[in-house]
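**Student:** I need the structure of the sequence given here:
(one chain, ligands or ions: 1)
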Amino acid sequence: MSVEPPVTTTDAGIPAASDEFSLTVGAGGPTVLHDHYVVQKMQHFNRERVPERVVHAKGGGAHGYFEVTEDVTQWTKARFLSGVGKRTPLFVRFSTVAGELGSPDTARDPRGFAIKLYTEEGNCDLVCNNTPVFFVRDASKFQDFIHSQKRMPDTGLRDNNMQWDFWTLSPESAHQVTVLMSDRGTPRSWRHMNGYSSHTYSWINAAGERFWVKYHFKTVQGVENLTDAQAKALAGEDPDAHRRDLWDAIARADAPEWRLEMQIMPFEEAADYRFNPFDLTKVWPHSDYPAVTVGRMVLDRNPENHFAEVEQSAFDPSNLVPGLGLSPDKMLMGRIFSYHDTHLHRIGANYQQLPINAPQAAVHSYNKDGPMAYRHAGSQPVYAPNSYGGPKADPDRAADLGWWVEAAEIGRYAYEKHAEDDDFVQPRALYRDVMSDSDREHLVTNIVNHVKAGVKSDVVPRVVEYWRNVDADLGAQVAKQLNAG
Ligand code: NDP
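**Tutor:** Residues are numbered from 1 along each chain as shown. Have a look, this model is predicted:
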């Protein structure tokens, strides 16, 4: 039985006269300006796009839930983690980093893994990546790093020479570049990769004890990657392969799942830990801080509308509920400013009122009005303090989770070095102790293919030196295959 479709209307809800004919003076005459229906259709079309994200432009996402499976109340008072079996709804957006909106999903790139938990105490965003470390450790280098991954100013082309020029002049990148050039740089799908907070964050329990923590979302599907050749072929055959894979899996009720494991460091141990625990280019070896299972994350519902949910979703690492806090990681400090700022630019001052971003907890804020505001506080006082029943802050429940800083002169400092800090020690451990023979073989092939695609002769010797610093034999293999002595 066919169902009658609804009548087309204007955006004001008024029935439209035609889906196909403009208002004209006779059959061959000019279109009249007072055809407001067609004029407004054109105007709206011209405004269909919001600016794409400067980074993480191409993505996909899904809804699901987080379920606590172990008691973690000894480390955090966060209510959404307060009892085994407790479930919190969430939305996850996966993405590549450097490519634009239409770019291929299988490009060699880190993957974003952003999680928005709609908790009873407000939104909690964990803006993760599929790698446990990052290319730089100070937010002042982030913009330069991203520029080097994007396009040349004159040709508008991507340029591997820029990438290797930046990396080899920034030795702190070696750990992340080792992961990126391994087959983990081309995951089989979003379902087959882990998500890492990478940053160190903090937790505080009900007794006020503080801990440094790292989040690891481990894929239950297992880590699976594409080879360089498979990724390149798929980029041409199906540029949306990862978006499609996630959608199809959820549509056939094959809900992907991740296990949340935490590394937890007692607060006092940070000072003397063998690595600077806030340096984003380093992991905490599992032998020092074994993973503690916390819960599971399941994605079981596809978006109803890609634009409204995936494109307009806006994550912010400063969204941390009571019981969760920051750390002195200098990259994290930068992200705390930058994420909110980019959403203000991209979507507007009231981006947190959009359904995908709106908390499920009640909002009682003194921020008001602005473009497209539709949530209002009614007759609530517009200033604090006030004596007319306006909201009052709760310093006990929402105390900022702080740390001590020694009195020092304001200046531009490198991180304090801890006993074993070195830019190459951890990528060396990854190469020598973790990778299999075939991982190592693929790493060399991937590096050589990437360098051969456009890296200039003055940069190539630095590339060889970079890999020699990770491991002498790795450097020798790269040199041999690049005919670079
Ligand atoms: P472990 O042997 O305890 O852990 C090694 C980790 O490496 C595992 O978490 C594994 O992740 C991951 N891994 C396995 N193969 C690869 C690969 N080809 N590329 C990237 N990561 C891989 O060793 P340590 O904790 O002592 O760390 C040794 C090195 O392992 C580090 O220097 C770092 O490069 C890497 N690593 C460490 C992590 C950590 O948090 N400690 C996290 C990820 C990598 P999985 O089990 O999910 O497959």
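
**Student:** contact residues of this protein facing the ligand?
**Tutor:** The interface of the chain toward the ligand, taken as Cβ under 6 Å from any ligand atom, is made up of 132, 179, 182, 184, 194, 218, 223, 283-287, 426, 429-430, 434-435, 439. Quick note: C-beta positions are derived from backbone N, CA and C, even for glycine.

**Student:** from these, which ones fall inside strands?
**Tutor:** Judged by DSSP state E, the residues of the chain next to the ligand include residue 218 as members of strands.

**Student:** please indicate which of the residues of the chain next to the ligand are buried?
**Tutor:** Among the residues of the chain next to the ligand, the ones that count as buried by 16 or more other Cβ atoms under 10 Å are 132, 179, 182, 184, 194, 218, 283, 284, 426, 430, 435.

**Student:** how about the residues you listed in a markdown table, adding pLDDT and distance to residue 46?
**Tutor:** Formatted as a markdown table, those follow (pLDDT from 0 to 100; distance: Cβ to Cβ, whole Å):
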| residue | pLDDT | distance to residue 46 |
| --- | --- | --- |
| 132 | 98 | 43 |
| 179 | 98 | 42 |
| 182 | 98 | 44 |
| 184 | 98 | 41 |
| 194 | 98 | 41 |
| 218 | 98 | 45 |
| 283 | 98 | 47 |
| 284 | 98 | 50 |
| 426 | 98 | 50 |
| 430 | 98 | 49 |
| 435 | 98 | 51 |
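
**Student:** what about the stretch 201-350 of the chain, any weak spots by pLDDT?
**Tutor:** Within the stretch 201-350 of the chain, no stretch has pLDDT under 70.

**Student:** tell me which residues in stretch 210-224 are buried?
**Tutor:** So, applying 16+ other Cβ under 10 Å, buried residues of stretch 210-224: 210, 211, 212, 213, 214, 215, 216, 217, 218, 219, 221.

**Student:** going by distance to the ligand, which of the residues you listed wins?
**Tutor:** residue 218 (5.5 Å; Cβ to the nearest ligand atom).

**Student:** returning to what we had before: could you dump the buried ones among the residues of the chain next to the ligand to a markdown table with distance to residue 342?
**Tutor:** Putting those into a markdown table (distance: Cβ to Cβ, whole Å) gives the following:
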| residue | distance to residue 342 |
| --- | --- |
| 132 | 24 |
| 179 | 25 |
| 182 | 30 |
| 184 | 27 |
| 194 | 25 |
| 218 | 29 |
| 283 | 27 |
| 284 | 29 |
| 426 | 30 |
| 430 | 31 |
| 435 | 35 |
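
**Student:** restricted to helices, list those residues.
**Tutor:** With DSSP state H as the criterion, helices contain 179, 426 from among those.

**Student:** residue 239: which of the buried ones among the residues of the chain next to the ligand is nearest?
**Tutor:** residue 184 (20.4 Å; Cβ to Cβ).

**Student:** contact partners for that closest one?
**Tutor:** By Cβ atoms under 8 Å, 6 or more residues apart in numbering, the residues touching residue 184 are 130, 131, 193, 223, 225.
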